[in-house]
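Chemist: Pasted the sequence and its predicted model underneath.
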Amino acid sequence: MFHEKAHVCVFVLFFVLMQEVTATSRHYVDRLFDPDPQKVLQGVIDMKNAVIGNNKQKANLIVLGAVPRLLYLLQQSSSSMELRTECAVVLGSLAMGTENNIKSLVDCHIIPALLQGLLSPDLVFIEACLRCLRTVFISPVTPVQLLYTDPTVIPHLMSLLSNSLRTQEYITQIFSHCCKTPEHQTILFNHGAIQNIAPLLISPSYKVRMQALKCFSVLAYENTQVSMTLVNVLVDGELLTQVFVKMMQRDQPIEMQLTAAKCLTYMCRASAIRTDDSCIVLKTLPCLVRMCSKEHLLEERVEGAETLAYLMEPDVELQRIASTTDHLVAMLADYFKYPSSVSAITDIKRVSRVSTVHFAVLQLDHDLKHAHELRQAAFKLYASLGSNDEEIRKKITETENMMDRIVSGLSESSIKVRLAAVRCLHSLSRSVQQLRTSFHDHAVWKPLMKLLQNAPDEVLVMASSTLCNLLLEFSPSKEPILESGVMELLCSLTQSDSPALRVNGIWALMNMAFQADQKVKVEIVRCLGTEQLFRLLSDPDTNVLMKTLGLLRNLLSQRAHIDQVMSSHGKQIMQAVTLILEAEHSIEVKEQTLCILVNIADGNTAKDLIMTNDDMLQKIKYYMGHSNVKLQLAATFCVSNLIWNEEDGSQERQDKLREMGFVDILHKLTQSSEPNLSDRAKTALQQYLA
Amino acid sequence: MTELGVGSLPLGDPAFNYQEHELNERLKRLYPAVNEEETPLPRSWSPKDKYSYIGLSQNNLRVHYKGHGKNHKDAASVRATHPIPAACGIYYFEVKIVSKGRDGYMGIGLSAQGVNMNRLPGWDKHSYGYHGDDGHSFCSSGTGQPYGPTFTTGDVIGCCVNLINNTCFYTKNGISLGVAFTDLPPNLYPTVGLQTPGEIVDANFGQQPFVFDIEDYMSEWRAKIHGMIARFPIGERLGEWQAVLQNMVSSYLVHHGYCATATAFARATETMIQEDQTSIKNRQRIQKLVLAGRVGEAIEATQQLYPGLLERNPNLLFMLKCRQFVEMVNGTDSEVRCLTIRSPKSQDSYPGSPCLSPHHGASNTHLHTGGSDSPTCSNGVTPPNKSKSHSSSGSIKYPSASSSASSSSSSSPSSINYSESNSSDSTKSQPHSANSTQETSDSEMEIEAEHYTNGVVEGSSARIMNGTYKHEEILQPDDNSIGNGVTDEVCSHSRQLCGGNQAATERMIQFGRELQALNEQLCQEYGKNTTHKKMLQDAFSLLAYSDPWNCPVGQQLDPTQRESLCSALNSAILASADASARSGHGVCSAHGPSPVWFLLLRQSRQLFALAQVQVIVK
């Protein structure tokens, strides 16, 4: 009974209060329509004081239509400067509320109105407009493009930069949030962003310095043009890189150290700074490693790890240095020590005492939110660390529970974590030793196979690439993977629109066919289908073509297999080979194709497919005289196989080739300066002597 | 100072002078809080503190191996001329591998004085090293832990000691490799060790710019400490700090009976002392009697001034009586002393007693094990004009500790220097004691005097001792530390039971019987007490040996054994008077979050070093 009453009371009270609030809000809006400008001004000022920190009030005023009126007053040239400024201030305050507030403001076309306001000569008014614009633009719900619709806006903002510390802070903050694409970077760059913002890096105001620094980090990201320009910029007689190095000093605020490290990282990745430059090796890299340490905020640790992974991705020397810096590999293990599920939190909620529950839960919610981020960042960094050096890979796999962590990461709910985990696995799968040991011990192929089902393309690319390595002949996982029925999946990958997936699919099949049983080979051909196989031989992607030729070569590897495959698909294969040899292709492709002919020539019955094809024999003759030694060698091998003694009909084949003038060419080749080639030619000629 | 080695080098060499100048500048910049007149910084390897297989050249900065290098028994090390001063806060040096020689078995690290030099750093207790051949770290152990990469010819290895959190990390070619050791003891020397022919390394103690940016690392810690101080939670206690601190100081002074100082302090700070002055003086008198070994008189005085106190504390009474018996053996208790001819010999019957001087036995061991931080802690509190005397006494601890009981103190040249300066300090204090009356009354003068001589650097117990001993006793250890063995010899010959007096011996035996009876009585009243039984047994055992001072239970005769009894009696008196039985330290933990307090107090010297830098920089 008591409870019910209490509820009713609360409800009534709430209702009354609501009405009252709405009534007062109404009153504020009504005052904006007063005919006396002085009263309107007072009304706006009162409204300003009423909305500060009061989200409910803000929402009410928006609902009651205050925004269009405020915008009208702000734009009216008849309004006093004071009124217009106060309007901008109130709008700025409204923007500080919820995301819904921002949406409503944007829908009322606040952005063009405020941008128009920037043309005013009054600095206080400009600052109020910029403050409001800043608040609107840094919200994720505001379409960034709105800044670029009017081409005169950016140049005007650049010109306002010199006006005051506030304009500098707001404008640089707008830029750093609105520079999301290479096009944005180019627009800002073309309007002199670098020259205009660089001097702000030594501004007396920390906020200005910080926002200017952020601008440079977004401008330089994956942008060679900007990065190349940045290295030559001088600020107060000092090179910009040195200014960034100073900002990374260890007594600077962490945010500044981290952002400066990002700038230098992006410049380095854009090849504007060498990877062995001391500002990278001795400053940026150690700074980023420090950011990964436990003493920093979770957000900082995530950003630090991701930036570091990006910095050293292409450079093995940086990977080696990072792997020995401040126990980084062990330090990253801490990234996994955060709750991975809601159950952990509810457990703690149950256990902890009431008084501490609130704080504990808040903390845990924060941790949980970042737990995924931390894990994916750690996986990324491990992937980057281990991408080249075998020693580092060993160190990583020896980290406590590392393989278990990867295995569970592969099946996590967050796609970001799954992707990072498979990247890490891929990096480690480049190690022969790990393939043979830890990969097999932890049966990583199981979760990997599961991941391959219905995964989005980006995950699929990494996962199938890893699978290629797991299917290598010496990998103990090859057998169980074959048995798990991976073939269909790989064959379907070869039909994907994405070249990367097609390569991985055919690559995996190629690895699978290497020294495989006849049964497996037949199964591959059956599953892939000859049609698809020959379609792949005309694939526009050279990588796909190369791997498909590789697959053919692996399929045609033992005499019995060669004859069997050629007896069923000989015609198409010969056709495909002819086409490739006649078309414009790289040496590697032609060599691979000639190698297929070598294998065919090694068959018993398959030989005849070449011997009866004079056109093909002419082609072989042509490649024996080719300027490229590799092709000469492959063609000579082919002839040598055709005329090999001790095989049925060798005499006839020798005679035919002699008639066609092959012997003369072989004699010429014995004089070759290339020892491999002359030896092979001599061996072939010996077949005639026997 | 001679160890700077300036005199032995060609002064005319401009290149050298330039390097010397640069070194001075850099050291001043890195370690502004270090006073090199008290605690010189390492500037080169010590030609005296090395194994014979080590050769030095290039102003004692280059080290090469000149042994056979057959196996680990041929390992050889060298230490720097000086230990790392605590006031550095953060200390750093680098070693460049000029040649890895045959096998590159090189170790870079730290070791305490006295650690065997026929070894690589890290293999022994109080020795720490990072080895080039396997990249392992060795923390006082023959087996290493995987730590960092290997290092070889051309590499520059740095070693950084963080005296704020007592950790150490290494750098390779300017990159930090992460923490290698924690819980390091104080007073470590930079050390390198080599093991195979051809190994050559060059040290950089600041002669050249470091490859690693140590100043950047220092700046981070400076910012951290400033942040810690700035964010120290004060809460509602804002404004009460002065009262808390004053109360701490005052109750400390009162507890230990520094009556005059306490009064002066109360006057200056306009605060009140709870206990009245006569009571403080009485307590101090009784304490002094106990500490002087005149336990019989102490018991009498207690019974007279605090009637009923000992009756209510029979255990305490028994302990006192036991001690009295021990002191009779010693020949110091008045009951036997009045029977002997008062000779200086009997007075001197505790040779080299470590507690009498800065060579305090207890604090030595503390320092040795790294457990006590008393010197660093109190240094921060001491007024700067007194720093000289106590810092030198602080530095002398280590040498004497390593040579432990033997009074022939370590022969390292630096320790002799200190000993001399120390002795001059004591001679300064001597007149004060001499002027004081036979009664050893607690004149204001005396207390102030001892305060000045010792500062606050000693552990609190040591300080009480100093307050009560007569000047002859204070003098003696100084003689020892100078290395003058005369007093020593006299002592060892003069030690006889009850000062060698027959009547005294008889009195002692009589007293022993009384003690036995008291024990039986207590047993009947309060039941069996094993502690008492043991105490009695130990005391009586002394009579079984012809030379009780050198027998297995001879430890009892050591005057330091009086300290615990003294403070027990003091606390009992205070408790009976319902005064605070705890000293001011208790306040510390009662107020404010103790861990931070503790940290601040413990590390004040090092923190100060960094905090100060900032001030100077500003």
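Modeler: Received the coordinates, thanks.
Chemist: pretty sure A:Asn645 contacts A:Gln687?
Modeler: Yes. The pair A:Asn645 / A:Gln687 is scored as a contact, 5.2 Å apart, by Cβ atoms under 8 Å. Using the backbone N, CA and C atoms, a C-beta is placed for each residue, glycine as well.
Chemist: who's more crowded, the two?
Modeler: A:Gln687 (18 against 12; other Cβ atoms under 10 Å in any protein chain shown).
Chemist: What residues does that one make contact with?
Modeler: A:Ser640, A:Ile643, A:Trp644, A:Asn645, A:Ser650, A:Gln654 (Cβ atoms under 8 Å, 6 or more residues apart in numbering or on different chains).
Chemist: what does chain B have sitting close to chain A?
Modeler: Residues of chain B lying near chain A by Cβ under 8 Å from any Cβ of the partner chain: B:148-149, B:172, B:174-179, B:213, B:216-217, B:219-220, B:222-223.
Chemist: can we see that at 10 Å?
Modeler: Residues of chain B found near chain A (Cβ under 10 Å from any Cβ of the partner chain) are B:135, B:146-149, B:169, B:171-180, B:211-213, B:215-224, B:226-227, B:614.
Chemist: filter these to the buried ones?
Modeler: Among those, those classed as buried by 16 or more other Cβ atoms under 10 Å in any protein chain shown are B:135, B:147-149, B:169, B:171-180, B:211-213, B:215-224.
Chemist: Sitting in helices, which of those do you find?
Modeler: Within these, residues falling in helices by DSSP state H are B:Glu215, B:Asp216, B:Tyr217, B:Met218, B:Ser219, B:Glu220, B:Trp221, B:Arg222, B:Ala223, B:Lys224.
Chemist: Now pLDDT too, for those residues, in TSV please.
Modeler: Putting these into TSV (pLDDT from 0 to 100) gives the following:
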residue	pLDDT
B:Glu215	95
B:Asp216	95
B:Tyr217	96
B:Met218	95
B:Ser219	94
B:Glu220	93
B:Trp221	93
B:Arg222	91
B:Ala223	91
B:Lys224	89
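Chemist: In terms of distance to A:Met291, which of those ranks first?
Modeler: B:Glu220 (12.7 Å; Cβ to Cβ).
Chemist: So the closest residue to B:Tyr53 other than its chain neighbours: helix, strand or coil?
Modeler: If the residues on either side of it in the chain are set aside, B:Tyr53 comes closest to B:Gly67, at 3.2 Å by Cβ to Cβ, 6 or more residues apart in numbering or on different chains. The assignment at B:Gly67 comes out as coil when based on DSSP: H, G, I helix; E, B strand; the rest coil.
Chemist: about what we covered before: between A:Asn645 and A:Gln687, which contacts overlap?
Modeler: Taking Cβ atoms under 10 Å, 6 or more residues apart in numbering or on different chains as the criterion, A:Asn645 and A:Gln687 both touch A:Gln654.
Chemist: my guess is B:Asn60 meets B:Arg79, correct?
Modeler: No. With contact defined as Cβ atoms under 10 Å, B:Asn60 does not reach B:Arg79; the gap is 11.4 Å.
Chemist: Look at these two and report which has more neighbours.
Modeler: Comparing B:Asn60 with B:Arg79 by other Cβ under 10 Å, the one with more neighbours is B:Arg79, at 25 against 20.
Chemist: give me the low-pLDDT residue ranges for chain A?
Modeler: Along chain A, the model assigns pLDDT under 70 to residues A:1-21, A:339-366, A:690.
Chemist: and it, which residues reach chain B?
Modeler: Looking at chain B, the residues of chain A close enough under Cβ under 10 Å from any Cβ are A:245, A:248-253, A:257, A:278, A:281-283, A:285-287, A:289-290, A:293, A:295, A:320-328, A:330-331, A:391, A:395, A:398.
Chemist: Filter these down to the buried ones.
Modeler: Counted by 16+ other Cβ under 10 Å, the residues of chain A next to chain B give A:245, A:248-252, A:257, A:281-283, A:285-287, A:289-290, A:293, A:320-328, A:331, A:395 as buried.
Chemist: Quick check: which element contains B:Ala203?
Modeler: strand B:199-204 (DSSP states H and E).
Chemist: what about the strands in the stretch 51-200 of chain B?
Modeler: B:54-57, B:62-65, B:76-80, B:90-100, B:107-111, B:127-131, B:136-139, B:145-146, B:156-162, B:167-172, B:175-181, B:189-194, B:199-204 (DSSP state E, counting those that start in this stretch).
Chemist: Check the stretch 201-350 of chain A too.
Modeler: A:234-235, A:238-239.
Chemist: The last one: how far from the chain's middle?
Modeler: Same thing as strand A:238-239. 32 Å (Cα atoms, centre = their mean, to the nearest Å).
Chemist: what do you get for the first one?
Modeler: A distance of 33 Å separates the centroid of the chain from that of strand A:234-235, by Cα atoms, centre = their mean.
Chemist: Likewise for stretch A:557-569?
Modeler: That offset, for stretch A:557-569, works out to 43 Å (Cα atoms, centre = their mean).
Chemist: If you count neighbours, what's buried in that stretch?
Modeler: Here stretch A:557-569 shows A:Ser557, A:Gln558, A:His561, A:Ile562, A:Asp563, A:Gln564, A:Val565, A:Met566, A:His569 as buried, counting by 16+ other Cβ under 10 Å.
Chemist: can you tell me the residue of the stretch 201-350 of chain A closest to chain B?
Modeler: Nearest to chain B in the stretch 201-350 of chain A, going by Cβ to the nearest Cβ, is A:Arg250, at a distance of 3.4 Å.
Chemist: Show the contacting residues for that residue.
Modeler: A:257, A:286-287, A:290, B:213, B:215-224.
Chemist: can you give me phi and psi for it?
Modeler: As for A:Arg250, its main-chain torsions (degrees, to the nearest 10) stand at phi -70, psi -10.
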